[in-house]
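Engineer: Build me a model:
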Amino acid sequence: MIHYPLKYEVHAKAGPGIRNCWQSQSDVLPLITCSIPTEFGGPGGGYTPEDFFALSLLNCQIALFKGACEKRNLTYKEIEARAVAYLDKDRSTHQLYISGMEISFTITGASDVDCVKSSLESAIKECPISNSIKSGKTYHIKVS
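Structural biologist: Predicted coordinates for the structure are as follows:
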């Protein structure tokens, strides 16, 4: 039985200057290089906050999908996912925000195309990351 709320702690350490990358990590996992996007004067060469935003959505949905398939004894060869996050600026407040996301899933080698697709659709609906995002999301799903 899972006892809620669950806690996930991450760490980051950075020096000064927008052209300098920094390191982040979760628990005892390897360090991840992070940077400010080049569009904002950053150096590139590291994951940006926008990358993490999109990756968190994709990986949450993939994790839930994998769990659903395992519970239902469904198999597939591979799931490939892609997310594009659109960053925009509010004209009145000048605040930046994610205005929308396009998410694509391609699943190949499905043992039961309809059930595998249904499992992915359930994962999308149940994803706590997705349910916490207020910007619009458009999904494209291919299962074969």
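Engineer: what bridges to the closest residue to residue 66 other than its chain neighbours?
Structural biologist: Once flanking residues are discounted, residue 66 sits nearest to residue 79: 7.9 Å by CB to CB, 6 or more residues apart in numbering. The way it works is simple: take the backbone N, C-alpha and C, and place the C-beta from them, glycine included. Beta bridges link residue 79 to residue 107, judged by DSSP bridges.
Engineer: Which parts of the protein are strands?
Structural biologist: Secondary structure of the chain (DSSP state E): strands at 10-13, 22-26, 32-34, 78-89, 96-108, 136-143.
Engineer: and the second one, what's its mean pLDDT?
Structural biologist: Averaging the model's pLDDT scores along strand 22-26 yields 95.
Engineer: hmm, back to that, could you pull up the residues touching the residue nearest to residue 66?
Structural biologist: By CB atoms under 8 Å, 6 or more residues apart in numbering, the residues touching residue 79 are 62, 65, 66, 105, 106, 107, 120.
Engineer: Now list the buried members of the residues you listed.
Structural biologist: 62, 65, 105, 107, 120 (16 or more other CB atoms under 10 Å).
Engineer: now the helix ranked longest in the chain and strand 136-143, what's the angle there?
Structural biologist: Identified as the longest helix of the chain according to DSSP state H is helix 49-71. Counting by axes from the mean of the first three to the mean of the last three CA atoms, to 10 degrees, helix 49-71 lies at 40 degrees to strand 136-143.
Engineer: Outline the domain layout of the protein.
Structural biologist: Using automatic domain parsing, the domain parsing of the chain gives 1-47, 49-143.
Engineer: returning to that earlier point: make CSV from the strands of the chain and add distance to residue 45 to it.
Structural biologist: Formatted as CSV, the strands of the chain follow (distance: least, CB to CB, whole Å):
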stretch, distance to residue 45
strand 10-13, 16
strand 22-26, 11
strand 32-34, 7
strand 78-89, 19
strand 96-108, 21
strand 136-143, 28
